[in-house]
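Chemist: pasting the sequence and the predicted model now:
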Amino acid sequence: MTATRPPEESSGDVLLQVEGLTKGYPVRRTLMERMRRAPARRLVAVENVSFRVRRREVMGIVGESGSGKTTLGRCLIRLVDPDAGSVRFDGIDVRSIEGTELRQLRRRVQMVFQDPFTSLNPRLTVGAAILEAGKVHGLVDAGQDDAFVAGLLESVGLSATLADRRPRQLSGGQRQRVAIARALAVGPDMLVADEPVSALDVSIQAQIINLFRDLQDRLGLTMIFIAHQLSVVSLVADTVAVMYMGRIVERGPIEKVFGRPEHPYTQALLASRPDPDPRHKTEPPLRGDVPSPLDMPPGCKFSTRCPFVEDMCREAEPALEHTESRHLVACYVRPPAREGGYQ
Amino acid sequence: MYRYLGRRLLHSIPVVAAVIVGAFVIIVLVPGDPALNMLGYNATPESLAILRRDLGLDRSVPEQFIGFLRGAVVGDFGESILKKEPVRDVIASRAVISFALLLYSVVIAVLVAVPLAILSAVKKNRWQDHLMRLGSMVTFAMPSFWLGLLLALFFAIRLGWLPVAGYDKTSVLTILRSLTLPATTIGLFLAPILARTLRSSIIEVLDQEYVEAARARGYRESRVIGRHVMRNSLIATVTVLSLIIGFMISGSVIIENVFAIPGLGSLIVDAVLQRDYPVIQALVLFFGLTVIVINLAADLTYAAIDPRVRLITR
């Protein structure tokens, strides 16, 4: 996509650095369990996740529902407080700041949410929502209210005449554009887009993806793009992290991870993407369901479904290690890389 | 919307008719001779005859009803027997006081309920929430006349800050002072109902993604709650408030008597005790119509806010 893609893990201009991030949720015990004094259980959403994002880089995060993608995104601006690990944004230790500093961080790292039907306040007009965001952070010059709103609406491809509308008068695609304009109104350095197109019609998805690519080009934004659709991520991202049950199992430049996937899970994901040609009958590459996050298998979390599973996979969890093609994979077996078919 | 309005207006016609008949029937159903009841057994036959004529009792029942109906339409209910003034003027001067008391009570209720509801919702299931819910149950369960007496005992007698009872209309300040204790009593009765409704709607709104989105934009929590949460949770409360106001009109009868406030509530008690039938009739009609109008207004606000209401009741 962009020519300025530095090789993975070189010490470039790192904007966001995440080390060992972990977040679990306590599970409420039933009355019986409390009477039997059963130990309190935790549902681990994100476990020991590390990555770096360089300035102007777009990192994709893929994984199925419940793999911890959303929790990870929310930990970055402390909408959820992580349990362990560190998050550094532009040299700021995100986990230690409060008050003004935290609000300033949130200004710089903006989120775009999945569902534009719920992420916009139904009582506020489009213009009021965008203007408020700019005004709170002192970014609107006196007497320039309308121009500020109009400029942002136009930058996301909407007519300035929509400023007086309320969200319910807009289509899904228009709403998501408004949500993006509202995020841009505070002048962010980074966008965290949490499944920004999965609630939209397929025809609209392409438009919104193009908008993200366009904005990235024009504004030089750094982005984390969370999605469960590989095709969507492959269109916008420079690097990608594949998550399974709260862990990153494979990470690296997109053409390597999607082009020559080495983790069996990534391979299965790529093989299971829908093929529009009905003559190509494909066997589902994986059997069984994702194990319950409350009852995780020991060792590699993918061992219950992995076609290449070996004994050691069930004993200890593999760490992310460099492969010959210089990306990171958490797998002991590393089955022969298959052509992913992307790029 | 206009169809809904028309339908609701149509529905209230029988209710209005029932209230009018009810108000009229009072005088017909009074055991014995109303004139005799009013003037007492020492009255001379001449004065009884005059009163009967004034009340229209010498005419047939249908004739009386037509007369009453005609009077009701133009707001003429004759003269108060006790005060020798037109009933309309008596009610009007009292209604102003009652209305001021009602408004003052609502203001106090809102001032108490809104902060409590916010605290309770934000600290959901923590001790602050439990305390608020327990406290609201206690003040709600307390009979309001007793709460009024307790407040009077403490603030008027022990501390001497406010008058024990009565209505001093020398200036706006003395009026406010006279109304403070009764308004607080009614307000504290209302506040729990408001606080609980508001608490649950705040909790519902706090879960919405746009609230999280507002936080994610780096807004202060005060702005997130004040602008994004409250605006969306107040609607339900406004409706509840309008419904309780109808209910409160009867509650104010007791409180006005406890604190000797010369409003409609004490007027109706006086009128009943003194058998001032024209006043009773007019007040029954007035209270009935007020409740109907307020309920109608509440229904219409609801329909304006939520279009589904218009469809369901079709």
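Modeler: Perfect, thanks for sending it.
Chemist: quick check: residue B:257 touching residue B:264?
Modeler: No: between residue B:257 and residue B:264 there is no contact under CB atoms under 8 Å: 11.4 Å. Just so you know, the C-beta spots here come from the backbone N, C-alpha and C atoms, and that holds for glycine as well.
Chemist: mind checking which of the two has more residues around it?
Modeler: Counted by other CB atoms under 10 Å in any protein chain shown, residue B:257 and residue B:264 do not tie: residue B:264 has more neighbours, with 27 against 19.
Chemist: enumerate every residue touching residue B:58.
Modeler: residue B:52 (CB atoms under 8 Å, 6 or more residues apart in numbering or on different chains).
Chemist: close to chain B: what parts of chain A are there?
Modeler: Taking CB under 8 Å from any CB of the partner chain as the contact definition, chain A meets chain B at A:77, A:79, A:102-107, A:110-111, A:113, A:115, A:118-123, A:132-133, A:136-137, A:179, A:182-183, A:186.
Chemist: gap between residue A:308 and chain B?
Modeler: According to CB to the nearest CB, to the nearest Å, residue A:308 and chain B sit 40 Å apart.
Chemist: what's that residue in contact with, if anything?
Modeler: Residue A:308 is in contact with A:264, A:333, A:335, counting by CB under 8 Å, 6+ apart.
Chemist: now do the SS call for the last one.
Modeler: Pointing back at residue A:335 there. coil (DSSP: H, G, I helix; E, B strand; the rest coil).
Chemist: rewinding a little: and the contacts of residue A:308, which are buried?
Modeler: Buried residues within the contacts of residue A:308, counting neighbours by 16 or more other CB atoms under 10 Å in any protein chain shown: A:264, A:333.
Chemist: between the contacts of residue A:308, which is nearest residue B:245?
Modeler: Closest approach to residue B:245 among the contacts of residue A:308 (CB to CB): residue A:264, at 67.5 Å.
Chemist: tell me the pLDDT of the closest one.
Modeler: Note on residue A:264: pLDDT of 85.
Chemist: for it, which non-adjacent residue is spatially closest?
Modeler: residue A:306 (5.0 Å; CB to CB, 6 or more residues apart in numbering or on different chains).
Chemist: likewise residue B:114?
Modeler: residue B:198 (6.7 Å).
Chemist: how deep is that neighbour tucked in, by neighbour count?
Modeler: Counted with other CB under 10 Å, residue B:198 comes out at 25.
Chemist: what element comes up after the helix or strand containing it heading to the C-terminus?
Modeler: Using DSSP states H and E, residue B:198 maps to helix B:172-206. Note on helix B:172-206: by DSSP H and E, the next helix or strand toward the C-terminus is helix B:209-216.
Chemist: contacts for whichever helix or strand comes after that next one, please.
Modeler: Next in sequence after helix B:209-216, counting helices and strands by DSSP H and E, comes helix B:221-223. For helix B:221-223, contacts defined as CB under 8 Å, 6+ apart pick out A:136, B:214-215.
Chemist: now the residue nearest to residue B:114: how far from chain A?
Modeler: Relative to chain A, and taking CB to the nearest CB, residue B:198 is found at 16 Å.
Chemist: surely that residue meets residue B:238?
Modeler: No: between residue B:198 and residue B:238 there is no contact under CB under 8 Å: 10.1 Å.
Chemist: wait, residue A:71 sits on residue A:43?
Modeler: No: Residue A:71 is not in contact with residue A:43 according to CB under 8 Å; the separation is 10.2 Å.
Chemist: more neighbours: which of these two?
Modeler: The neighbour comparison of residue A:71 against residue A:43 (other CB under 10 Å) goes to residue A:71, with 21 against 15.
Chemist: nearest residue to that one in space, please, no chain neighbours.
Modeler: Distance criterion CB to CB, 6+ apart; nearest residue to residue A:71, sequence neighbours excluded, is residue A:45 at 4.1 Å.
Chemist: what about that neighbour, is that helix, strand or coil?
Modeler: Residue A:45 - assigned by three-state DSSP - is strand.
Chemist: which residues does the residue nearest to residue B:114 contact?
Modeler: So residue B:198 contacts B:113-114, B:117-118, B:121, B:233-234, B:236-237 (CB under 8 Å, 6+ apart).
Chemist: do that again at 7 Å, thanks
Modeler: B:113-114, B:117, B:233, B:237 (CB atoms under 7 Å, 6 or more residues apart in numbering or on different chains).
Chemist: try residue B:151
Modeler: B:181, B:184-185.
Chemist: of those, which is the most crowded?
Modeler: residue B:185 (28 neighbours).
Chemist: just give the nearest non-adjacent residue to that one, would you?
Modeler: residue B:148 (4.0 Å).
Chemist: chain A versus the one you found, what's the distance?
Modeler: 38 Å.
Chemist: run a quick neighbour tally on residue 300.
Modeler: Defaulting to chain A. 27.
Chemist: chain B was what I was after
Modeler: With other CB under 10 Å as criterion, residue B:300 counts 18.
Chemist: same question for the one 3 residues further on.
Modeler: The criterion is other CB under 10 Å. On that basis, residue B:303 has 19 neighbouring residues.
Chemist: so what sits opposite the residue nearest the centre of chain A in the bridge?
Modeler: Nearest to the geometric centre of chain A sits residue A:226, at 2.5 Å (CA atoms, centre = their mean). Counting by DSSP bridges, residue A:226 forms beta bridges with residue A:61, residue A:194.
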